[in-house]
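>>> how would this look folded up:
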Amino acid sequence: MELRSHIPAGPLEAKWERHRSEIKLVNPANKLKRHILVVGSGLAGASAAASLAELGYQVSCFCFQDSARRAHSISAQGGINAAKNYQNDGDSVFRLFYDTIKGGDFRAREANVYRLADVSARIIDQCTAQGVPFAREYGGLLANRSFGGVQVSRTFYARGQTGQQLLLGAYQALSRQIGSGNVRMDPRAEMLDLVVIDGQARGIIVRDLVTGAVSAHAGDAVVLATGGYSNVYYLSTNAKGCNVTAIWRAYKRGAKFANPCFTQIHPTCIPQTGPHQSKLTLMSESLRNDGRIWVPKKKGDTRPPHQIPEEERDYYLERLYPSYGNLAPRDMASRRAKQVCDEGRGVGPGGGGGHGVYLDFRDAIARLGRRAIAERYGNLFEMYQRITGEDPFQVPMRIYPAPHYTMGGLWVDYNLMTTIDGLYAIGEANFSDHGANRLGASALMQGLADGYFILPYTIGDYLAQAKLAKVDPEHPAFRQVQGEVGERIRRLLAASGRKTADAFHREIGRVMWDKCGMSRNAAGLKEAMGQIGALRDEFWKDVYVGGRGEDLNQSLEHAGRVADFFEFAELMCHDALHREESCGCHFREEYQTPEGEAKRDDERFGYVAAWEFAGVGKEPVLHKEPLAFEAVHLAQRSYK
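Numbering: from 1, shown residues only. Model (predicted):
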């Protein structure tokens, strides 16, 4: 099939405005007759559900948490980007656009990224009007700070709680629509499959996580706002509930999956302390504004940090990337942290060669004072001290890279629609805006842009033109898919093995981290695919779930998600093996510059890789969307 991106004609800066003026509209009276299913209630899902209901559509919103306020979006601490240029430091819509394209190593679609930059300022206005308590300068303007990969200050923030405050803003907008009867909220409900009728997405199958009841829900369009899949690594910064199931089920029903191997390893996480851990804790990238990253120059140096004199410290990011220093892009900062630790210069428990580097605020405290640093990062410092027992005002933080954000996701066109008519993917669930590496503070920007300012326009274009027969959950297609879901549940419950799903999850996570993590090579990826296949077969023979399906059963929830991770991990490795280049966070060891940086191959791999499900046991089919660059020139990324 041909991938049709539906990018509007005309100059880059005029495409979105022109497209909005040409979009087909739904009559206000007809909006009342249209029913839209939104899966997910984080920033993307809550803002979309609230905006669609405000327009007059009938909306059902589903989330597996007990409240929309518990979505993983609250964990995005550091800030949200917008091209406001309050600092008068040279920022602009074009500079935000270019920084995002360059940061993603030229593997994103120009038109989508420019639109994101263009609407960014309106997001801040919207959230400020909602009462989001952004930090302010002395004169009253909203404050800004810098994030990795840029040389301007464009990141708006609410201390270290930005995601939480933005989510509360979206949640109050959603709550207003729930109170008005325009949104029906279905908490503790997990989507387990998609229903497609005559090539159109017409509904979903969900399981009530409290009662175990499986039910069908019909609508005129389906919106997936279900986040990313970094929990395929088991240890990640994601909430434990984050998974790939919703978009994986859509993939198996015909939606194409784009660039699954583009997974971001965040450089600023608290290091793992032992095999008992079930997740990792993110320390905001905003800390790199004032913290300096270093390791001892000498291998195996076990002295406490205060005993290591300045001349024996290696501020390696400042040395390697003098123009950006500690605010180098995430992929580069992560790889360099791994490199110095692999050299035996890491810090932390176990003496020299530990898995950690220092993030040191000594100089910033001396320059600005403890009070100023506490005002900027107080809750982050408190969180670090509670977890590690170390006071970062007295000793440097220890950090190490960890799986974080996923740039891959369902392929979508300019309208955010997948290759299944009527199925939309927004926020981290799609691939569209970040290429091979996401710049910090851009996740919140994309989620709210998609939900507040893009989807409410583009979904109307589809609903105004689509010929939609009336369907309900009694339709044969719904009964068939619901039966397939029930069979999968029964198969999991019937397994009478000896190992928990969590034990299998740890094993596949270790394989993925070792062979398809911060760096990859052909031999390791081939080994991983063999190991994943063997582990998947063992899972179905030796997993033990227990309990019943018609009840609260968190072991069953986890087992279903792990089963999907097994299948998805193979696609990730397949994608990474096929892409014989390095770009952004996809670092193939065979393809690097003499300086150890990513070496792209634009001639062979200057495209989006969109994979089609070909059937159980068959290799996925590759479809290519060529990436054309008109406003920027392809170049080797340099942050020196």
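>>> Next, please give the residue ranges for the helices of the stretch 351-500 of the chain.
Listed in chain order, the helices of the stretch 351-500 of the chain (DSSP state H, counting those that start in this stretch) span 362-368, 370-388, 443-448, 455-465, 476-494.
>>> go on, the stretch 101-250 of the chain?
Counting by DSSP H, counting those that start in this stretch, the stretch 101-250 of the chain has helices at residues 110-130, 162-179, 245-252.
>>> Direction-wise, compare the longest one with helix 162-179 and give the angle.
The one in question is helix 110-130. With axes from the mean of the first three to the mean of the last three Cα atoms, to 10 degrees as the basis, helix 110-130 and helix 162-179 are set at 80 degrees to each other.
>>> what is the mean pLDDT for helix 110-130?
Computed over helix 110-130, the mean pLDDT rounds to 97.
>>> And for stretch 182-199?
98.
>>> List the buried residues of it.
Neighbour counts over stretch 182-199 (16 or more other Cβ atoms under 10 Å) mark 182-197 as buried. Backbone N, C-alpha and C define where each C-beta goes, glycine included.
>>> which one of the residues you listed sits closest to residue 213?
For those, the residue nearest residue 213 by Cβ to Cβ is residue 189; the value is 9.5 Å.
>>> where's that closest one relative to residue 586, distance?
Here the distance between residue 189 and residue 586 works out to 34 Å (Cβ to Cβ, to the nearest Å).
>>> With residue 138 instead?
43 Å.
>>> for residue 522, same thing?
Counting by Cβ to Cβ, the gap from residue 522 to residue 586 is 13 Å.
>>> These two: who's more crowded?
residue 586 (28 against 13; other Cβ atoms under 10 Å).
>>> For that one, grab phi and psi.
For residue 586, the backbone dihedrals are phi -90, psi 100 (criterion: degrees, to the nearest 10).
>>> That one bridge partners, please.
Beta-bridge pairing for residue 586 (DSSP bridges): residue 583.
>>> For it, report the pLDDT, please.
In this prediction, residue 586 carries a pLDDT score of 98.
>>> Ok, residue 353 next?
We have a pLDDT of 63 for residue 353.
>>> what's the most buried one of the helices of the stretch 101-250 of the chain?
With neighbours defined as mean count of other Cβ atoms under 10 Å, these peak in mean count at helix 245-252, which reaches a mean of 25.
>>> Just the buried residues of the lowest-mean-pLDDT helix or strand in the chain, please?
Taking mean pLDDT, DSSP states H and E as the measure, the chain has helix 370-388 as its least confident helix or strand, at a mean of 92. Under the neighbour-count criterion of 16+ other Cβ under 10 Å, helix 370-388 has 373, 376, 377, 380, 381, 383, 384, 388 buried.
>>> Repeat that for stretch 292-309.
Judged by neighbour count using 16+ other Cβ under 10 Å, the buried positions of stretch 292-309 are 292, 293, 294, 295, 296, 301, 305, 308.
>>> again with stretch 345-358
345, 346, 347, 348, 352, 353, 354, 355, 356, 357, 358.
>>> If you drop the residues flanking it in sequence, what lies closest to the first one?
Take residue 345 and drop its neighbours on the chain: the residue closest to it by Cβ to Cβ, 6 or more residues apart in numbering is residue 295, 4.5 Å away.
>>> Could you tell me which residues make contact with that neighbour?
Applying Cβ atoms under 8 Å, 6 or more residues apart in numbering, one finds that residue 295 lies in contact with 313, 314, 316, 340, 341, 345, 346, 347, 357, 358.
>>> hmm, try it at 6 Å
314, 340, 345, 357 (Cβ atoms under 6 Å, 6 or more residues apart in numbering).
>>> repeat for residue 48
The contact partners of residue 48, taken as Cβ under 6 Å, 6+ apart, are 38, 223, 451, 455.
>>> which non-adjacent residue is nearest it?
Excluding the flanking residues, the one nearest residue 48 by Cβ to Cβ, 6+ apart is residue 451, at 3.8 Å.
>>> show me what contacts the one you found?
Taking Cβ under 6 Å, 6+ apart as the contact definition, residue 451 lies against 44, 47, 48.
>>> Next up, identify which helix or strand the last one is on.
Assigned by DSSP states H and E, residue 48 belongs to helix 43-55.
>>> Going along the chain from that helix, find the next helix or strand for me.
Going down the chain from helix 43-55, the next helix or strand is strand 58-62, by DSSP H and E.
>>> Now tell me what touches the helix or strand just after that following strand from outside.
Using DSSP H and E, the helix or strand that follows strand 58-62 towards the C-terminus is strand 80-81. Where contact means Cβ under 6 Å, 6+ apart, the residues beyond strand 80-81 that reach it are 154, 155, 156, 441, 442, 444, 445.
>>> go with 10 Å
When contacts are taken as Cβ atoms under 10 Å, 6 or more residues apart in numbering, the neighbours of strand 80-81 outside the stretch itself are 43, 91, 96, 99-100, 116-117, 120, 123-124, 127, 132, 134, 144, 147, 150, 152, 154-158, 162-163, 165-166, 439-448.
>>> And the pLDDT for the residue nearest to residue 48?
98.
>>> Would you check how far apart it and residue 75 are?
Taking Cβ to Cβ as the measure, residue 451 falls 18 Å from residue 75.
>>> sorry, back to before: from the buried residues of stretch 292-309, pick the one nearest residue 406.
residue 293 (24.3 Å).
>>> Wasn't the closest one part of a helix?
No. Under the criterion used here (DSSP: H, G, I helix; E, B strand; the rest coil), residue 293 is strand, not part of a helix.
>>> What's the per-residue pLDDT of the residue lying closest to residue 336 once chain neighbours are set aside here?
In space, and not counting its chain neighbours, residue 336 is closest to residue 316: 5.8 Å by Cβ to Cβ, 6+ apart. Listed pLDDT for residue 316 reads 98.
>>> Contacts only, for residue 630.
Contact analysis of residue 630 by Cβ under 10 Å, 6+ apart lists 11, 12, 110, 111.
>>> now swap in residue 282 and tell me
75-78, 236-238, 266, 268-270, 380, 383, 399, 402, 404.
>>> now residue 168
The contact partners of residue 168, taken as Cβ under 10 Å, 6+ apart, are 46, 68, 69, 74, 130, 131, 132, 133, 158, 161, 175.
>>> make it 8 Å
Residues in contact with residue 168 (Cβ under 8 Å, 6+ apart) are 69, 132.
>>> Same check on residue 35?
By Cβ under 8 Å, 6+ apart, residue 35 lies in contact with 57, 58, 59, 60, 218, 219, 220.
>>> Who does the fifth one form a beta bridge with?
When assigned by DSSP bridges, residue 218 has beta-bridge partners residue 203.
>>> what does residue 183 give?
In this entry, residue 183 is beta-bridged to residue 59, by DSSP bridges.
>>> That one is in contact with residue 173, isn't it?
No. With contacts defined as Cβ atoms under 8 Å, residue 183 does not count as touching residue 173, sitting 10.0 Å away.
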